[in-house]
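Colleague: This is the structure alone, sequence omitted:
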């Protein structure tokens, strides 16, 4: 039997995940990221400071991976490769996670504004 408030609860979960993982920011279309790659980058852009592999894994895992570090490392590598032409670098903090340096994070946050002004 379905609960009477399931739709409301599902919507609330979606909204909470958007806040938690920063899903209100959208990656530039010209970077051509997959959904997992974009969610990885959203987590780094949304808040200053490093994001742990576990945090990133929770944000991008679709329930089909068991190895936290392997999945996160593969996605990080793919995102780095796609961002390289745009001079955007992701910093690895061994034992702490991944980080976008603040000037890079701000550049990504303002990407659409910069592209319109150019």
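Modeller: Nice, I can see it. Keep in mind that this is a model prediction, so the values were computed, not measured.

Colleague: How many neighbouring residues does residue 71 have?
Modeller: 20 (other CB atoms under 10 Å). No exception for glycine: its C-beta is placed from N, CA and C like everyone else's.

Colleague: helices and strands of the chain: which one has the lowest mean pLDDT?
Modeller: Here the helix or strand of the chain ranked lowest by mean pLDDT, DSSP states H and E is helix 111-117, holding a mean of 59.

Colleague: And residue 79, how close does it get to residue 10?
Modeller: Distance from residue 79 to residue 10, counting by CB to CB, to the nearest Å: 28 Å.

Colleague: Compare these two and say which is more crowded by neighbours.
Modeller: Comparing residue 79 with residue 10 by neighbour count (other CB under 10 Å), the higher total belongs to residue 79, at 23 against 10.

Colleague: so how far is residue 4 from that one?
Modeller: Counting by CB to CB, the gap from residue 79 to residue 4 is 41 Å.

Colleague: And the helices in the chain?
Modeller: Secondary structure of the chain, counting by DSSP state H: helices at 6-21, 35-46, 53-60, 68-83, 102-109, 111-117.

Colleague: What residues of the third one count as buried?
Modeller: Taking 16 or more other CB atoms under 10 Å as the neighbour-count basis, helix 53-60 is seen to contain the buried residues 53, 55, 56, 57, 59, 60.

Colleague: tell me the average confidence for that helix?
Modeller: Averaged across helix 53-60, pLDDT comes to 88.

Colleague: contacting residues around that helix?
Modeller: Residues outside helix 53-60 that contact it (CB atoms under 8 Å, 6 or more residues apart in numbering) are 20-21, 36, 39-40, 42-43, 65, 68-69, 71-72, 75, 97-98.

Colleague: what's the most distant pair in these?
Modeller: Comparing every pair within the contacts of helix 53-60 by CB to CB identifies 20 and 69 as the most remote, at 20.9 Å.

Colleague: Settle it for me: which of these two has more neighbours?
Modeller: The neighbour comparison of residue 20 against residue 69 (other CB under 10 Å) goes to residue 20, with 14 against 10.

Colleague: Any figure for the gap between the closest residue to residue 72 other than its chain neighbours and residue 105?
Modeller: Once flanking residues are discounted, residue 72 sits nearest to residue 53: 4.5 Å by CB to CB, 6 or more residues apart in numbering. Separation of residue 53 from residue 105 (CB to CB): 19 Å.
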